[in-house]
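>>> starting from these lines, generate the structure:
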Amino acid sequence: MSWSSQEVRLAQRPQGRPDASTWQLATAEVPEPGPGEFVVRVELVSLDPAMRGWLNDARSYIPPVGIGEVMRAFAAGEVVASQNEDFAVGDAVSGTFGVREHALSDGEGVTKLDLGVAPMATWLGALGMPGMTAYFGLEDVGRAQPGETVLVSAAAGAVGSVVAQLAKAKGCRVIGVAGGPDKVAWLRELGLDEVIDRKEGDLLRQVRRAAPDGVDVYFDNVGGELLDAALASLARGARIAICGAISTYNDETLAEGPRRYMALLVFRARMQGFLVMDYLDRYPEGIAAISRLIQQDRLVATETVLEGGVAGFPDALLGLFDGVNTGKLLLKV
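The predicted model follows:
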């Protein structure tokens, strides 16, 4: 038996925002698994800001997606055939399966999911890569402590919403930044102390008003103007965790660097980038901590699931940059 599987391949590298010319929708035959292999029916594809960086032919922490290759993506699904003793038919799993309907795997980098703990979508969100990014970024890089002021950009997104709630659970004063009244209202429902609407502009004034005594930890997902506003509003000894800069990912020219970086000197502050893959061996720690908060109703795991299947991936990816999601953005296959 084999499986006919639609998949999205990279046709050409985009200049600026990806468009229809970036992608090729193709059909491939996935064969029966050989010894040590299994076949996964993909049910959910994760949409992540990092995907835009993977399209660029540039030196980075991971090789770019090659022209003609299936688009790289984290995904989750069900094992439908197996010759691997560690993965049985019916197991729910997650891994880097790509944007496709079926995937053949040897098990490397694949994780079995306990759907009794949380639904599959949550294993791609708060208990997956975004949640681990939030946990280790706040704990190890931000080193947030009870009573400190934590500023979180893209606070209604997959990573930011978990960061904000983890910081609240630690006893921090949390300021979230999001775009638009609906997301602002949602963050207030989560219990954040202050919420800034970036669409109202003048971010420096808004940040200084929300944090009159300065920001101890800034968790940065967006870069750009908000990073400058945070640098101008630091408390002494502040830490900035650089997770991403989604506001610049589709720029066709190199974005301007932060103008207020000398604040790091003035306030004896530290700015550090990090990658969640450096913490793979500690994932059980992060999963346990976040699972416990979910069970205690102290952390809400939220996902936005788009319909459209594999063919809907190009539009779904753009939705990520247009901010259509609250919490984790997923594509239903």
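>>> what is the end-to-end distance of stretch 299-311?
With C-alpha to C-alpha, to the nearest Å as the measure, stretch 299-311 spans 33 Å from end to end.
>>> buried stuff in it?
The neighbour-count check on stretch 299-311 (16 or more other C-beta atoms under 10 Å) flags 299, 300, 301, 302, 303, 304, 306, 310 as buried. To be clear about C-beta, it is placed using only N, CA and C from the backbone, and glycine gets the same treatment.
>>> ditto for stretch 172-184
By neighbour count with 16+ other C-beta under 10 Å, stretch 172-184 contains the buried residues 172, 173, 174, 175, 176, 177, 178, 179, 183, 184.
>>> Serialize those to JSON lines and add fields for distance to residue 104 and pLDDT.
What follows is the buried residues of stretch 172-184, written out as JSON lines (distance: C-beta to C-beta, whole Å; pLDDT from 0 to 100):
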{"residue": "172", "distance to residue 104": "45", "pLDDT": "98"}
{"residue": "173", "distance to residue 104": "49", "pLDDT": "98"}
{"residue": "174", "distance to residue 104": "43", "pLDDT": "98"}
{"residue": "175", "distance to residue 104": "46", "pLDDT": "98"}
{"residue": "176", "distance to residue 104": "41", "pLDDT": "98"}
{"residue": "177", "distance to residue 104": "42", "pLDDT": "98"}
{"residue": "178", "distance to residue 104": "40", "pLDDT": "97"}
{"residue": "179", "distance to residue 104": "40", "pLDDT": "94"}
{"residue": "183", "distance to residue 104": "39", "pLDDT": "97"}
{"residue": "184", "distance to residue 104": "44", "pLDDT": "97"}
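>>> quick one on the thing from earlier: which pair of the buried residues of stretch 299-311 spans the longest distance?
Considering C-beta to C-beta, no two members of the buried residues of stretch 299-311 lie farther apart than 299 and 310, which are separated by 31.2 Å.
>>> ok, the residue nearest to residue 130 when sequence neighbours are not counted - contacts?
The shortest distance from residue 130 to any residue that is not its chain neighbour, by C-beta to C-beta, 6 or more residues apart in numbering, is 3.9 Å, and that residue is residue 158. By C-beta atoms under 8 Å, 6 or more residues apart in numbering, the contact list for residue 158 reads 48, 125, 130, 325, 327, 328, 329.
>>> buried subset of those?
Burial by neighbour count, judged by 16+ other C-beta under 10 Å, picks out 48, 125, 130, 325, 327, 328, 329 from the contacts of residue 158.
>>> mind giving me CSV with those and columns for secondary structure and pLDDT?
Putting the buried ones among the contacts of residue 158 into CSV (DSSP: H, G, I helix; E, B strand; the rest coil; pLDDT from 0 to 100) gives the following:
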residue, secondary structure, pLDDT
48, coil, 94
125, coil, 98
130, helix, 97
325, coil, 94
327, strand, 96
328, strand, 97
329, strand, 97
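>>> related to what we said a few turns ago, need the max-distance pair from the contacts of residue 158.
Farthest-apart pair in the contacts of residue 158 is 48 and 327; separation 13.0 Å (C-beta to C-beta).
>>> nearest to residue 230 among the contacts of residue 158?
When the contacts of residue 158 are ranked by distance to residue 230 (C-beta to C-beta), residue 130 comes first, at 20.8 Å.
>>> I'd assumed residue 325 was in contact with the closest one.
No: Residue 130 lies out of contact with residue 325 (C-beta atoms under 8 Å); the separation is 11.1 Å.
>>> now the helices for this structure?
In chain order, the chain shows helices spanning 50-54, 120-123, 129-136, 158-169, 181-189, 203-210, 224-231, 263-266, 283-295, 313-321, with DSSP state H as the criterion.
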